[in-house]
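**Q** next input, structure requested:
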Amino acid sequence: MPITIPTLKEGPVVLRAIRLRDARPLERALLENRSWLRQWEATSPHAPMNFDTRASIRSLLANARAGHGLPFIIEYEGKLAGQLNVSSIAYGSLSSATIGYWVAEEFAGRNVTPTAVALATDYCFYQLGLHRMEICIRPENEPSLRVVEKLGFRYEGLRRRYIHINGDWRDHFCFGLVSEELTQGVLRRWVDGGVPPDATVITPEDRAAAAHPLPIQRNL
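**A** Reported below is the predicted structural model:
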C-alpha cells in the first residue's frame, strides 16, 4: 500500500518528499561534494560506478508507492542540504525500517543530520507504528557515528562485508532503536538531554575486528 511522504520540520531543518524536479539540483550537489561523499557512496558489485539521478528518484518514488520506503530531501534554511531515505519498511511481526542519509559538506556540523534522522525516526514510530529502526555505518565514518551517538541509537554489532560501498563490500557497525526504549520521541529526548550516555558504545573487540577486514578467498 502506498505511503504518504510527509513534510517534517524542526527549526531550520525540513524533510520533504523528493521530486523528479530535484534531479538537477541533486546532481549539482553530488558533483560539488564528490570528494566528500564518494567514500561513503553505495555502489553495485555488478555495475560501473556512475549515477543517474532521475532514474534513482523514479526508483525511490516507485518504492514509496509500493509501501516500502520514504524518500526525503533534507533542506536547511530553504536550501537543499542532502537526502534521507527510510528503506526496507516492513510491517506485521517485523515492523521495522532502515535509515540512510547524506548531507553536503557545507552543512556539516550544524546538527542537520541528527535532526533529520530524529524527525524521520519519530514519524516511523509514532505515525507508521513501526517497532524498530536501524542504521548501519562504516567504522571509518566518524561523522555518522556521531549522529547515532547524539541520538542514542544502541550499538548492536559488527556486520562483516555488509554493504557494497565505493566499489567494494565494506564492514558496518549496526545500531538500532525500538519504540519501547523511549518514553518520549527521539528528537525530544536528544533536545532535552535525556540520551543515555553509553547506548552507542562500540566494544573494543569489534573496533579491533573492523580494523582488519576479512581476507578474501578467491576461486582459482
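
**Q** show the pLDDT at Arg218.
**A** For Arg218, the model assigns a pLDDT of 59.

**Q** just say helix, strand or coil for the closest residue to Arg138 other than its chain neighbours.
**A** Leaving out its chain neighbours, the residue that sits closest to Arg138 by C-beta to C-beta, 6 or more residues apart in numbering is Arg170, at 5.4 Å. (C-beta placed from N, C-alpha, C; glycine too.) Secondary structure assignment for Arg170 (DSSP: H, G, I helix; E, B strand; the rest coil): strand.

**Q** what segments of this protein are helices?
**A** Secondary structure of the chain (DSSP state H): helices at 23-32, 34-37, 53-65, 112-126, 142-151, 186-191, 204-210.

**Q** follow-up on the earlier one: so the residue nearest to Arg138 bridges to which residues?
**A** Beta-bridge pairing of Arg170 under DSSP bridges involves Ile163.

**Q** show me the contacts for it.
**A** Taking C-beta atoms under 8 Å, 6 or more residues apart in numbering as the contact definition, Arg170 lies against Arg138, Arg161, Tyr162, Ile163, His164.

**Q** hang on, the earlier thing: which among the helices of the chain is found nearest to Arg132?
**A** helix 112-126 (9.2 Å; C-beta to C-beta).

**Q** which residues sit against the closest one?
**A** Contact with helix 112-126 is made by 6, 8-11, 13, 15, 70, 72, 74, 76, 81-82, 84, 86, 89, 97, 99, 101, 103, 130, 133, 135, 143-144, 147, 150-151, 177, 179, 182, 185-187, 190, as judged by C-beta under 8 Å, 6+ apart.

**Q** inside strands: which ones of these?
**A** Among those, the members found in strands (DSSP state E) are 8-10, 13, 15, 70, 72, 74, 76, 81-82, 84, 86, 89, 97, 99, 101, 103, 133, 135, 177.

**Q** count the residues that sit near Pro45.
**A** Residues within reach of Pro45, counting by other C-beta atoms under 10 Å, total 8.

**Q** now do it against Asn85, distance only.
**A** Applying C-beta to C-beta, to the nearest Å, the value for Pro45 to Asn85 is 20 Å.

**Q** for the helix-or-strand element of the chain with minimal mean pLDDT, C-alpha coordinates in CSV please.
**A** Sorting the helices and strands of the chain by mean pLDDT, DSSP states H and E puts helix 34-37 at the bottom, at a mean of 82. In CSV, the C-alpha atoms belonging to helix 34-37 read as follows (Å, rounded to 0.1, in the frame of the first residue of the first chain):
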residue,chain,number,x,y,z
ARG,A,34,32.1,14.2,-4.8
SER,A,35,35.3,14.0,-2.7
TRP,A,36,33.3,14.4,0.5
LEU,A,37,30.7,11.7,-0.3
